[in-house]
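>>> Quick one: sequence and predicted model below, then my questions.
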Amino acid sequence: MQRPTPKNNFGNGPNAHNLLRADRCPGPASGTAVISHPSAAATRREPPALRRLVLHLDLRAVPLPAATLPLNFSWEAWRDDRALAHAAILFEGFRNGTDARFMRALSTLEGCYDLITATSYHQYFVPEATWMAVHLGSRGTSLPAATIQVIGSLARAARIQNIAVLPEFRGRGIARAMLVRCLRSCRALGYELAELEVTATNTPAVELYRSLGFTLRRVYVHEAEAP
């Protein structure tokens, strides 16, 4: 399937956050610092490689808690017409982090849109386990706050990816609720194994995954992508 050309003017500045604000809609859809300039020597120095952990979870053996979002948040199921909202969350969640310096797609809104849409067009995309969390504001409006996607397989293994929470909504248990909801959906669909990747230095994420029963499968090194 050919991906439709986005009509939006993608920007790499604060426009993505403005897009999320403008994306407020009447309720959740049914069913659904200081900047320093590096020296010339610093700019010539190659960044270190990124250590990535591949974790997996046996959905048949690990008990899962309830997937409960905080007050004033709600679930929205996957909709093709909301791909840009998912991408804006992914961009805002990763744009200033280590991952974006090694994986170029995460450093631009357009790159994040490509990641989201490529996943949604994958042969084994699992829309039933793909979710967005929305913040319910005043007057019945909602603001996209978190995203998660899944690609399945014939081997009954679900690969979880593109997990992100807007910075202003972190620390409220949203990432945990999103992951649990996703895992529960995968298990209900008959998947037996869940797998995801995380940067080794992302301690909060690693601790979250391990608290839910994920264990280390392998480690690999991701080299910085060429500009």
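Right, received. Where do you want to start?
>>> buried sites along the lengthiest strand in the chain?
If you go by DSSP state E, the chain has its longest strand at strand 141-151. Buried residues in strand 141-151, counting neighbours by 16 or more other C-beta atoms under 10 Å, are found at Ser142, Leu143, Pro144, Ala145, Ala146, Thr147, Ile148, Gln149, Val150, Ile151. In short, each C-beta sits where N, CA and C put it, glycine included.
>>> Name the helix or strand for the nearest residue to the last one once chain neighbours are set aside, please.
In this structure, Ile151 finds its nearest non-sequential neighbour in Arg159, 4.7 Å apart by C-beta to C-beta, 6 or more residues apart in numbering. Using DSSP states H and E, Arg159 maps to strand 157-165.
>>> just the angle between the helix or strand that that strand is followed by and strand 141-151, please?
For strand 157-165, the following helix or strand on the C-terminal side (DSSP H and E) is helix 174-188. Relative orientation of helix 174-188 versus strand 141-151 (axes from the mean of the first three to the mean of the last three C-alpha atoms, to 10 degrees): 50 degrees.
>>> Pass me the low-pLDDT residue ranges in this structure, would you?
For the chain, applying pLDDT under 70 flags the ranges 1-19, 21-48, 225-227.
>>> residue nearest the centroid of it?
Ile163 (2.1 Å; C-alpha atoms, centre = their mean).
>>> That one reaches Ala177, doesn't it?
No. Taking contacts as C-beta atoms under 8 Å, Ile163 lies outside contact range of Ala177: 11.7 Å.
>>> Now do the contacts for His56.
Leu193, Ala194, Glu195, Leu196, Phe214, Thr215, Arg217 (C-beta atoms under 8 Å, 6 or more residues apart in numbering).
>>> Of the residues you listed, which belong to strands?
Leu193, Ala194, Glu195, Leu196, Thr215, Arg217.
>>> Buried among these? Make that a PyMOL selection.
Of those, the buried ones can be selected in PyMOL as follows, counting by 16+ other C-beta under 10 Å:
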select buried, resi 193+194+195+196
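>>> for the ones in strands among the contacts of His56, which one is nearest Ile116?
Leu196 (16.2 Å; C-beta to C-beta).
>>> dump the residue contacts of the residue nearest to Ser211 when sequence neighbours are not counted.
Of all residues not flanking Ser211 in the chain, Arg176 sits nearest, at 8.0 Å (C-beta to C-beta, 6+ apart). Arg176 is in contact with Leu208, Ser211, Leu212, counting by C-beta under 8 Å, 6+ apart.
>>> okay if I get the residues you listed as CSV plus neighbour count and secondary structure?
Formatted as CSV, the contacts of Arg176 follow (neighbours: other C-beta atoms under 10 Å; DSSP: H, G, I helix; E, B strand; the rest coil):
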residue, neighbour count, secondary structure
Leu208, 17, helix
Ser211, 10, helix
Leu212, 18, coil
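>>> if we can go back for a sec, give me the angle between the longest strand of the chain and strand 157-165.
Angle, strand 141-151 to strand 157-165, by the same axes, to 10 degrees: 150 degrees.
>>> Tell me where the protein has helices.
Along the chain, the segments classed as helices by DSSP state H run 15-22, 40-44, 83-94, 98-102, 109-120, 174-188, 203-211.
>>> With distance to Ala85 added, can I get the buried residues of strand 141-151 in TSV?
Shown next, in TSV, are the buried residues of strand 141-151 (distance: C-beta to C-beta, whole Å):
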residue	distance to Ala85
Ser142	10
Leu143	9
Pro144	4
Ala145	10
Ala146	11
Thr147	8
Ile148	13
Gln149	13
Val150	17
Ile151	20
